[in-house]
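Chemist: need the 3D shape of this:
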Amino acid sequence: MAHHPDSHELYDWPEYGPKNPAISNLVWRLAHDRGMRVVEIELIIERALRDELAKGQGDVTADARDQNSPR
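Modeler: This next block holds a predicted model:
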């Protein structure tokens with residue numbers, strides 16, 4: 001894989017999550033204000049990221065079989 005300027009942050013993401021506190025605040029609000037479960041919120045995030053990828057790559061639905069995807 002080619003070097004990315006944010007490689008360190010990308011490798012840390014699964015363990016430490018996003019550095020942007022606004023994301024944590026939004027997740028907290030969805031959980032508490034709407035009573036959503038974390039798995040529901042993660043599905044929203046995943047859908048938004050897949051939609052963004054689809055803009056430039058066509059179909060990314062096959063990636064849903066990725067081992068990191070919630071079942």
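
Chemist: can you pull the contacts of Ser24?
Modeler: Contact analysis of Ser24 by CB atoms under 8 Å, 6 or more residues apart in numbering lists Gly17, Pro18. Quick note: C-beta positions are derived from backbone N, CA and C, even for glycine.

Chemist: any idea which helix is longest in the protein?
Modeler: Scanning the chain for the longest helix, with DSSP state H as the assignment, gives helix 38-57.

Chemist: these two touch, right, Glu9 and Pro18?
Modeler: No: assessed by CB atoms under 8 Å, Glu9 is found out of contact with Pro18, at 9.1 Å.

Chemist: returning to that earlier point: off-centre distance for the longest helix of the chain?
Modeler: On the basis of CA atoms, centre = their mean, to the nearest Å, helix 38-57 sits 6 Å off its chain's mean C-alpha point.

Chemist: convert it to PDB, retaining C-alpha atoms only.
Modeler: Output of helix 38-57 as PDB, limited to C-alpha atoms (Å, rounded to 0.1, in the frame of the first residue of the first chain):
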ATOM      1  CA  VAL A  38     -24.100   2.200  18.700                       C
ATOM      2  CA  VAL A  39     -24.500  -0.500  16.000                       C
ATOM      3  CA  GLU A  40     -27.300   1.700  14.400                       C
ATOM      4  CA  ILE A  41     -25.000   4.700  14.500                       C
ATOM      5  CA  GLU A  42     -22.100   2.800  13.000                       C
ATOM      6  CA  LEU A  43     -24.400   1.700  10.100                       C
ATOM      7  CA  ILE A  44     -25.200   5.300   9.400                       C
ATOM      8  CA  ILE A  45     -21.400   6.200   9.400                       C
ATOM      9  CA  GLU A  46     -20.600   3.100   7.200                       C
ATOM     10  CA  ARG A  47     -23.400   4.000   4.700                       C
ATOM     11  CA  ALA A  48     -22.100   7.600   4.400                       C
ATOM     12  CA  LEU A  49     -18.600   6.400   3.800                       C
ATOM     13  CA  ARG A  50     -19.700   3.800   1.200                       C
ATOM     14  CA  ASP A  51     -21.800   6.500  -0.500                       C
ATOM     15  CA  GLU A  52     -18.700   8.700  -0.700                       C
ATOM     16  CA  LEU A  53     -16.600   5.900  -2.100                       C
ATOM     17  CA  ALA A  54     -19.300   5.100  -4.700                       C
ATOM     18  CA  LYS A  55     -19.100   8.600  -6.100                       C
ATOM     19  CA  GLY A  56     -15.700   7.800  -7.500                       C
ATOM     20  CA  GLN A  57     -15.500   4.100  -7.900                       C
END
